[in-house]
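J.: Provided below are the primary sequence and the corresponding predicted coordinates.
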Amino acid sequence: MIAVAAVLVVAFGVFLIAFTGVTFAKPVMAEGFLMRFASSARTHYTEQALRLLIGAALVVLSPSMWQPNVFWLVGWAIVVSSAALMCVPWQWHHRLGERVLPIVARHLRLYAVGSLAFGALVLYGVFAGGAA
């Protein structure tokens, strides 16, 4: 179980860093990716299922990560918010996205830098803690 969690958490960190690269190399592609979030019931539930998986992986792996309490808390925050979003109609999530995503798109590079920082922190957490 821990090995699977480690693979998922490392893949998540790499994804966040890769998203930053795509944002700077092909910003239209990155914006299109974000704009598809909650655009249908299928994308909404797929997104939440992936978030649940990543959150659970963080919770499972956190004891062997650098700053275990921080990553445990982040993992549970992802799990709880994903579970809550799964309990509301996907259209509500879509409407929220319609309001928030234009702001994110306007500041896409800043968002990407945050993604890079969080991805690097996740990877540091895994490898500095000896989880991988």
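T.: Nice, thanks for sending it over.

J.: my guess is Glu47 contacts Phe37. True?
T.: Yes - using CB atoms under 8 Å, Glu47 makes contact with Phe37 at a distance of 5.9 Å. (Each C-beta comes from the backbone N, C-alpha and C, glycine too.)

J.: would you map the helices across the protein?
T.: Applying DSSP state H to the chain gives helices spanning 2-25, 27-35, 41-61, 68-87, 90-106, 108-128.

J.: and the second one, what's buried?
T.: Going by neighbour count (16 or more other CB atoms under 10 Å), the buried part of helix 27-35 is 30-31, 34.

J.: repeat that for the longest one.
T.: The neighbour-count criterion (16+ other CB under 10 Å) identifies 5-6, 8-10, 12-13, 16-17, 19-20, 23 as the buried residues of helix 2-25.

J.: so what's Leu96 closest to, chain neighbours aside?
T.: Ala38 (7.6 Å; CB to CB, 6 or more residues apart in numbering).

J.: mind checking how far that neighbour is from Ala77?
T.: Distance, Ala38 to Ala77, using CB to CB, to the nearest Å: 19 Å.

J.: again, but for Phe127
T.: Remark: distance between Phe127 and Ala77 (CB to CB) = 22 Å.
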